[in-house]
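Chemist: Pasting the sequence and the predicted coordinates here, then a few questions.
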Amino acid sequence: LGKETAGIFDLEIEAERGTVVNIGYGEHLDDLRVRTNVGGRCFSGKYTCKGNGIEHFTHFNKRFGCRYIELMVESGNFDLYYAGVLPTVYPVKNVGRFGCCDSLHNKIHDVCIDTLKLCMHEHYEDTPWREQALYAMDSRNQILCGYYAFGEFDMPKASIRLLALSQLDNGLLEICAPAKSATTIPSFSLQWILELYEYVLYSGDTDFAYEMWPYAERIISAFWRKAGGRDLIGPWFDKRCWEFYEWMPGLCGGYMSNVRDRNNRENYDAPLSCFYMIALDSMVKIAKWLVPYTSEDIDFMEKASWFEMLASGIRDSFDDVFWNEDKGCYASFVVNGELTNHFCKLTNALALYAKLVPEDKIFAVADKLAYDDTLIDTSLSASIFKYEALLMLGDTYAQFVFDQIGQKWGHMLYSGATSFWETEKGAWDFDNAGSLCHGWSAVPLLLYYKYLLGVSPKTKGFEDYTFKPLRTSIIEAHGNIIRKNAKPLFVGITPQGVVVE
């Protein structure tokens, strides 16, 4: 098809009656053919010809996400007039504009846009090829990038609501929505709260925040009960709960679960504690925005105070519990009261992002995050926390971040990508089931607008903004920033200075 495409299969063929056309679709030809059978997943179909001349078939019932169509026709006598995919595209416009003096970064930006669009249909989806499913972690990245790219709020709102309506009896959200699954991911429920906060920050839609408040509060209540009077959060010890943080060693489920003692209260996960802190901070901000909605039934200032108290407990405890003096950074887990030797960049990025690092350690942790290759790195999806944690510190790490963007995302482009992959391993990851189009990997787009052009919302609804472009070797850049119910901003950056109109 020339590039990654999402749409419905279309065929025009003439053959004898009963001729079978076997149809395969996939994202690559790494096997010298389309990979139609992947670990029990089937990416194929069959069409049987009627034999009444040229016949046209469009398969409306299933959407394909693919770059290649392969036909195996069980006949030596047929005429193929057309086979392909009719694109199905959610109607958004590229209202955000970005360009700079570096053609590689321009291309990365444009492919991020294509990747996002390919993963927008009934709701935000992880990949148009495999699950086509809505996840809180995935959609948070996609929605945040989409605010700058599309200035569109209907799909974010619908996706956030759809996840909320999946809430389980224990307060957590389903792993996907709409779905019924035997598995849920506790950290994703906390990221949904961050997603809700960011929606209000960019849209100003406090009515929706008020509608979603009971779901968010039930999530926090579930974690508060799980903590059992402790400040930090440990594994759920529930066969339904998947302790997933990202696709890197030790972070994709059940770290040392075989030796963890359920009765030992000193079992803590640093990533989950950080996500809890981020969610609590989001709840405090949402509650303060909702003060005008205070009634006899709910006092939002009182709610804000309660969540601030819970957050203060994490802030007071985190450094003491997870800091490893010899390594000079935070360990990821405490198992049965003992600090483990699992050191990763996600944990340290989240600690910075959640503002849990004492001031005298901030740049030491940031240096480890940027330059210490002995720490397990972040995958593409979780890189948003690593890069934002570093860029929040100003110019110091800006060149490192954008150099790494050029390296990692540029590698995919030079490997022939027309959309960005699920992980850097591409199609060979996950037992040959790696996706070559994953919405969560559009992370660079956010960084171009928020840090290179330097514009981010300062107040809810983007009514006011912070303007702080970071200095890098990309000395010329320009773009449009769209704000809901406010005048668009044009930003121009040159060696001679900056312009905001």
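Modeler: Now that the structure is in, tell me what you want to look at. Just so you know, these numbers come straight off a predicted model, no measurement behind them.
Chemist: From Leu391, how far out is Gln191?
Modeler: 19 Å (Cβ to Cβ, to the nearest Å). Using the backbone N, CA and C atoms, a C-beta is placed for each residue, glycine as well.
Chemist: ditto for Val259
Modeler: 38 Å.
Chemist: Those two - which one has more neighbours?
Modeler: Comparing Val259 with Leu391 by other Cβ atoms under 10 Å, the one with more neighbours is Leu391, at 21 against 7.
Chemist: wait, what's in contact with that one?
Modeler: By Cβ atoms under 8 Å, 6 or more residues apart in numbering, the residues touching Leu391 are 397-398, 401, 447, 450-451, 470.
Chemist: Show me which pair in those is furthest apart.
Modeler: Largest separation among the contacts of Leu391 by Cβ to Cβ: Tyr397 and Lys450, giving 14.5 Å.
Chemist: tell me the mean pLDDT for stretch 231-248?
Modeler: The average pLDDT for stretch 231-248 rounds to 93.
Chemist: Any idea how far it is from the middle of the chain?
Modeler: Its chain's C-alpha centre and that of stretch 231-248 lie 18 Å apart, by Cα atoms, centre = their mean, to the nearest Å.
Chemist: if we can go back for a sec, would you turn the contacts of Leu391 into TSV with distance to Asp79, secondary structure and neighbour count?
Modeler: Shown next, in TSV, are the contacts of Leu391 (distance: Cβ to Cβ, whole Å; DSSP: H, G, I helix; E, B strand; the rest coil; neighbours: other Cβ atoms under 10 Å):
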residue	distance to Asp79	secondary structure	neighbour count
Tyr397	60	helix	23
Ala398	58	helix	22
Val401	54	helix	23
Leu447	50	helix	25
Lys450	53	helix	23
Tyr451	55	helix	23
Leu470	59	coil	22
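Chemist: Closest to Glu4 out of these?
Modeler: Nearest member of these to Glu4, counting by Cβ to Cβ, is Leu447, at 22.2 Å.
Chemist: wait, isn't the closest one in contact with Tyr387?
Modeler: Yes: using Cβ atoms under 8 Å as the test, Leu447 is close enough to Tyr387 to be in contact (5.9 Å).
Chemist: Residues in contact with both of those two, list them for me.
Modeler: With Cβ under 8 Å, 6+ apart, Leu447 and Tyr387 have common neighbours 401, 405.
Chemist: And the helices in the stretch 301-450 of the chain, which stretches?
Modeler: Using DSSP state H, counting those that start in this stretch, the helices of the stretch 301-450 of the chain run over 345-353, 362-371, 383-391, 398-414, 429-432, 443-447.
Chemist: now the ones you listed in CSV, with mean pLDDT?
Modeler: As requested, the helices of the stretch 301-450 of the chain are exported to CSV (pLDDT from 0 to 100):
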stretch, mean pLDDT
helix 345-353, 98
helix 362-371, 97
helix 383-391, 98
helix 398-414, 97
helix 429-432, 94
helix 443-447, 98
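Chemist: Quick one: the ones you listed as JSON lines, columns for distance to Cys100 too.
Modeler: As requested, the helices of the stretch 301-450 of the chain are exported to JSON lines (distance: least, Cβ to Cβ, whole Å):
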{"stretch": "helix 345-353", "distance to Cys100": "25"}
{"stretch": "helix 362-371", "distance to Cys100": "22"}
{"stretch": "helix 383-391", "distance to Cys100": "16"}
{"stretch": "helix 398-414", "distance to Cys100": "10"}
{"stretch": "helix 429-432", "distance to Cys100": "31"}
{"stretch": "helix 443-447", "distance to Cys100": "12"}
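Chemist: how about those helices, which one is nearest Leu232?
Modeler: Among these, helix 345-353 sits nearest to Leu232 (Cβ to Cβ), with 12.2 Å.
Chemist: which strands and helices sit next to that closest one?
Modeler: helix 270-289, helix 300-322, strand 329-330, helix 362-371, helix 383-391 (3 or more Cβ pairs under 8 Å, 6 or more residues apart in numbering; DSSP states H and E).
Chemist: Can you pull out the residues in contact with the fourth one?
Modeler: With Cβ under 8 Å, 6+ apart as the contact definition, helix 362-371 has outside contacts at 328-330, 345, 348-349, 351-352, 357, 375, 386, 389-390, 393, 396-397, 400.
Chemist: Buried subset of these, written for PyMOL?
Modeler: Those of the contacts of helix 362-371 that count as buried under 16 or more other Cβ atoms under 10 Å are selected in PyMOL with:
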select buried, resi 329+330+345+348+349+351+352+357+375+386+389+390+397+400
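Chemist: just checking, Glu198 is part of a helix?
Modeler: Yes: when DSSP: H, G, I helix; E, B strand; the rest coil is applied, Glu198 is found to be in a helix.
Chemist: Could you measure from it over to Gly18?
Modeler: Taking Cβ to Cβ, one finds Glu198 at 56 Å from Gly18.
Chemist: neighbour count winner among the two?
Modeler: Glu198 (18 against 11).
Chemist: my read: Phe150 touches Pro91, true?
Modeler: No: if you go by Cβ under 8 Å, Phe150 and Pro91 don't touch, sitting 10.0 Å apart.
Chemist: Neighbour count: the two, which is higher?
Modeler: Neighbour totals were compared for Phe150 and Pro91, and Phe150 leads with 22 against 7 (other Cβ under 10 Å).
Chemist: so what's the more buried one up against?
Modeler: Contacts of Phe150 by Cβ under 8 Å, 6+ apart are 92-96, 116.
Chemist: pLDDT, secondary structure and distance to Glu211 for these - can I get that in a markdown table?
Modeler: Output for the contacts of Phe150, formatted as a markdown table (pLDDT from 0 to 100; DSSP: H, G, I helix; E, B strand; the rest coil; distance: Cβ to Cβ, whole Å):
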| residue | pLDDT | secondary structure | distance to Glu211 |
| --- | --- | --- | --- |
| Val92 | 93 | coil | 24 |
| Lys93 | 90 | coil | 27 |
| Asn94 | 89 | coil | 30 |
| Val95 | 90 | coil | 26 |
| Gly96 | 91 | coil | 27 |
| Leu116 | 98 | helix | 26 |
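Chemist: top of those residues by neighbour count?
Modeler: Leu116 leads the contacts of Phe150 on contacts (other Cβ under 10 Å) with 26 neighbours.
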